[in-house]
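**Student:** got a structure for you, letters missing:
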Ligand code: TMP
């Protein structure tokens, strides 16, 4: 598969066409942004961690019946994925109150929720990814009824699987953001990435944050947190006798 011209550059990744229109190459960058691009920086080594971690987690989900866009890791920072039409929703699942949810609902960060929640943001940088509900998504033609149902089903299933995976790494999965795409035949599959950029990962014992909140909130030890989260994933796979 040959990598051709760049199709799109996002805040954390570049996407390239290939000589086969069914596939794209994603390249992970070390660039970090927060607050809709108002805060900018570099997290050295982040691209390599996110590429590998996202692929490991997507393989794990695949092996448990969740369809994803992952085809093949090509290099330290590049992965071959299926070309899909992205459903313009940021799908956020939460197990523990944190971030915008804790603020909006006026509760302390760290409160374990009675049950997992889901919410949607309209993926639109100009508007700052506003929170919307499923009715809005359908009224705006962003997704069909069936697609919303499938997104919800997959998101909660992914939450169950990831929660268990991260717990076996000594990490509490607080919340995370997913994006889904539709294939040519209309199947909804997981796309984008799963990484410390898009998840809140807290040490299960100490509560130490091993994710992008260290960058967002100027907590220090940003690079180390990404490396530590990746180390735990690697150790977990080695214990299980699984190859990376
Ligand atoms: P929030 O509490 O700021 O709404 O974030 C919820 C989760 O979504 C958190 O794990 C970080 C992730 N997230 C993204 O991946 N991209 C974004 O643009 C935002 C705002 C959050």
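**Tutor:** Everything's here; your move. For clarity, every value in this text was computed on a predicted model and none was experimentally measured.
**Student:** This structure: strands as residue ranges?
**Tutor:** 3-9, 13-18, 23-28, 31-34, 39-42, 70-73, 78-82, 85-86, 89-96, 112-122, 131-132, 171-182, 188-191, 199-203 (DSSP state E).
**Student:** Just tell me which of these ends up closest to residue 106.
**Tutor:** For the strands of the chain, the distance to residue 106 is smallest for strand 112-122, at 14.2 Å, taking C-beta to C-beta. Using the backbone N, CA and C atoms, a C-beta is placed for each residue, glycine as well.
**Student:** Tell me how far the spatially most central residue of the chain lies from residue 22.
**Tutor:** The centroid of the chain falls nearest to residue 194 when counting by C-alpha atoms, centre = their mean (3.0 Å). Residue 194 sits 22 Å away from residue 22, taking C-beta to C-beta, to the nearest Å as the criterion.
**Student:** what residues are up against residue 195?
**Tutor:** Contacts for residue 195 (C-beta atoms under 8 Å, 6 or more residues apart in numbering) come out as 49-50, 53-54.
**Student:** make it 10 Å
**Tutor:** With contact taken as C-beta atoms under 10 Å, 6 or more residues apart in numbering, residue 195 is in contact with 12, 28, 46-47, 49-55, 57, 176, 201, 211-212, 226, 229-230.
**Student:** what's the answer for residue 132, then?
**Tutor:** Residue 132 sits next to 89-90, 119-122, 124, 139-140, 142 when contact means C-beta under 10 Å, 6+ apart.
**Student:** is it in a bridge, and if so with what?
**Tutor:** Going by DSSP bridges, residue 132 is paired in beta bridges with residue 120.
**Student:** re the thing from before, the ligand next: which of the contacts of residue 195 are close?
**Tutor:** residue 176 (C-beta under 6 Å from any ligand atom).
**Student:** Just the ones in helices from the contacts of residue 195, please.
**Tutor:** Judged by DSSP state H, the subset of those located in helices is 46-47, 49-55, 57, 226, 229-230.
**Student:** Among the residues you listed, which one has the most neighbours?
**Tutor:** Counting neighbours by other C-beta atoms under 10 Å, residue 226 leads these with 28 neighbours.
**Student:** Could you check the angle the longest helix along the chain makes with strand 112-122?
**Tutor:** Ranked by residue count under DSSP H, the longest helix found in the chain is helix 145-167. Computed by axes from the mean of the first three to the mean of the last three C-alpha atoms, to 10 degrees, the angle separating helix 145-167 from strand 112-122 equals 130 degrees.
**Student:** So what's the model's average confidence on helix 145-167?
**Tutor:** Mean per-residue pLDDT for helix 145-167: 98.
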